[in-house]
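Asker: Curious how this folds, go ahead:
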Amino acid sequence: MSFFEEKCPEMDRYLENHTSSEPEILKRLRKETFQKTTQPHMLSGSLQGRFLAILSKMSNPTNILEIGTFTGYATLCLAEGLAKEGKITTLDVNEELAYLPRKYFLESKFSNQIDFQLKDAKVFLKETGEVFDFVFIDADKENYVEYFKLIKARIKSGAVIIFDNVLWYGKVLEENSKQKSTLIIQELNEMVSKDEDFENLILPLRDGLHLIQKK
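Answerer: Numbering: from 1, shown residues only. Model (predicted):
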C-alpha cells in the first residue's frame, strides 16, 4: 500500500473500479502472491499493472528490460505490448521465489517472449551488448542511481524508462534524511530532472512512478 492509498483509500478503490480489469492469469498470480510471499505489497497491483500494460502497448517495444521480477506480475503486464517478434528480459536474484514467476510465465501466452534470468542487474548491464527501448526498474532502491547510469548507454532515442517507488512513502520530502535508500531516491529524481538527454515526469501513482524518455 502506498503513502497516498493510506491517506485516501476511497480514492484508490474509485480508481480501480473505473480502470480496465486485469486478465484472469494476473488475478490468480496476485492471489497466489498474497498467499505465498511475506511481502505481497511489492506486487505492482491491478492499477499500476494496467498503466504499465497500456504504456507498453502504446510503445510497442521490441526489447524490454525489467530489473526486479518479484512474482512476475509487472512482467506479464509489460509483455502485453511487445511487438510480435519482441522479447522481455527480466532479472532478479531471489532464487527461492523463482518458481512462482516461472510457473506463470510458462502458462502465459508470452512464454516464448520472456527471458527470466537469476542475475545481478549491474553485472548484466555491464556485460550485455543489447539495446533496449523500454526499461522498468522496481528493485533494490540503493542501486537506483547506478542502474540509471548503466542503462543510459543501453537505450536508444525515444526509449522509455520507468522507476518505481520514487516517492518512497513520502520520505522524499524529508530534509537531511539519514536513510540511505531515501537519499538515493532523492539523488535519482534530482539527477534525472537535470539531465538534458531526457524528458521526465513523476506520476503520483501508488508510491510514485518516474516516467523518463530519452530524447
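Asker: Can you give me the pLDDT of the residue lying farthest from the centre of the chain?
Answerer: Distance from the C-alpha centroid of the chain peaks at Asn176, with 27.4 Å (C-alpha atoms, centre = their mean). For Asn176, the pLDDT comes out at 89.
Asker: does it sit in a helix, a strand or a coil?
Answerer: coil (DSSP: H, G, I helix; E, B strand; the rest coil).
Asker: Angles on the backbone of it, please.
Answerer: Dihedral angles of Asn176 (phi, psi; degrees, to the nearest 10) stand at phi 60, psi 40.
Asker: same deal with the one 3 residues further on?
Answerer: Main-chain dihedrals, Gln179, degrees, to the nearest 10: phi -80, psi 120.
Asker: Next, count neighbours for it.
Answerer: 13 (other C-beta atoms under 10 Å). Backbone N, C-alpha and C define where each C-beta goes, glycine included.
Asker: confidence score at the nearest residue to it once chain neighbours are set aside?
Answerer: What sits nearest to Gln179 in space, not counting adjacent residues and going by C-beta to C-beta, 6 or more residues apart in numbering, is Lys171, at 6.9 Å. We have a pLDDT of 93 for Lys171.
Asker: Now for Lys171: which residues touch it?
Answerer: 177, 179, 182, 185 (C-beta atoms under 8 Å, 6 or more residues apart in numbering).
Asker: rerun that using 7 Å as the cut-off
Answerer: By C-beta atoms under 7 Å, 6 or more residues apart in numbering, Lys171 lies in contact with 177, 179, 182.
Asker: So it belongs to a helix, correct?
Answerer: Yes. Remark: Lys171 belongs to a helix, assigned using three-state DSSP.
Asker: thought Leu82 was touching Ile88?
Answerer: Yes. Counting by C-beta atoms under 7 Å, Ile88 is a contact partner of Leu82 at 6.4 Å.
Asker: the more surrounded of those two?
Answerer: Ile88 (26 against 22).
Asker: for the helix or strand hosting that one, packing partners?
Answerer: For Ile88, the host element (DSSP states H and E) is strand 87-92. Using 3 or more C-beta pairs under 7 Å, 6 or more residues apart in numbering; DSSP states H and E, the elements in contact with strand 87-92 are strand 63-67, helix 73-79, strand 114-118.
Asker: Can you tell me how far the residue farthest from the centre of the chain is from Arg102?
Answerer: 43 Å (C-beta to C-beta, to the nearest Å).
Asker: Distance-wise, check the closest residue to Asn189 other than its chain neighbours relative to Arg30.
Answerer: Distance criterion C-beta to C-beta, 6+ apart; nearest residue to Asn189, sequence neighbours excluded, is Val166 at 5.8 Å. Counting by C-beta to C-beta, the separation of Val166 from Arg30 is 23 Å.
Asker: How about Glu196?
Answerer: 39 Å.
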